[in-house]
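Q: I need the structure of the sequence given here:
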Amino acid sequence: MYYMAVMDCYDELHDMFGDNKYGRVEIHAYMTSDDNQFSYEDQGSVSVDMFLTLAFVSLFGLYCYDFNKFVINFETRNSPHFYCLIAMGF
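A: Modelled structure (predicted):
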């Protein structure tokens, strides 16, 4: 999280606005790094998340393939494959 503070050490803003209690300073700042609005810590997280998602989907597909092969070879669905697939789905 980034924040910015405005300080008036020499009372320049007070002199400019006077004693008007409605005077205020508004600053709109957009801090980007390489045209990316993620913080420095989060800049690589999107690519890592995509890599982990692809790895998970590929493992899920391989597990489905192995379960199908198990059903064909042993002609039963009674194996831990089914429960692991349900757990991976959740």
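
Q: Name the single longest helix found in this protein.
A: The longest helix of the chain (DSSP state H) is helix 45-74.

Q: Helix or strand next in line after that helix, which one?
A: Later in the chain than helix 45-74, the nearest helix or strand by DSSP states H and E is helix 80-89.

Q: Could you give me the buried positions within that following helix?
A: Neighbour counts over helix 80-89 (16 or more other Cβ atoms under 10 Å) mark His81 as buried. Using the backbone N, CA and C atoms, a C-beta is placed for each residue, glycine as well.

Q: Please put the alpha-carbon coordinates of that helix into CSV.
A: This file holds the C-alpha atoms of helix 80-89, laid out as CSV (Å, rounded to 0.1, in the frame of the first residue of the first chain):
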residue,chain,number,x,y,z
PRO,A,80,-9.0,-43.4,-4.4
HIS,A,81,-8.7,-41.6,-7.8
PHE,A,82,-12.4,-40.6,-7.7
TYR,A,83,-12.1,-39.0,-4.2
CYS,A,84,-8.9,-37.2,-5.1
LEU,A,85,-10.5,-35.8,-8.3
ILE,A,86,-13.5,-34.6,-6.3
ALA,A,87,-11.1,-32.9,-3.8
MET,A,88,-9.1,-31.3,-6.6
GLY,A,89,-12.3,-30.0,-8.1
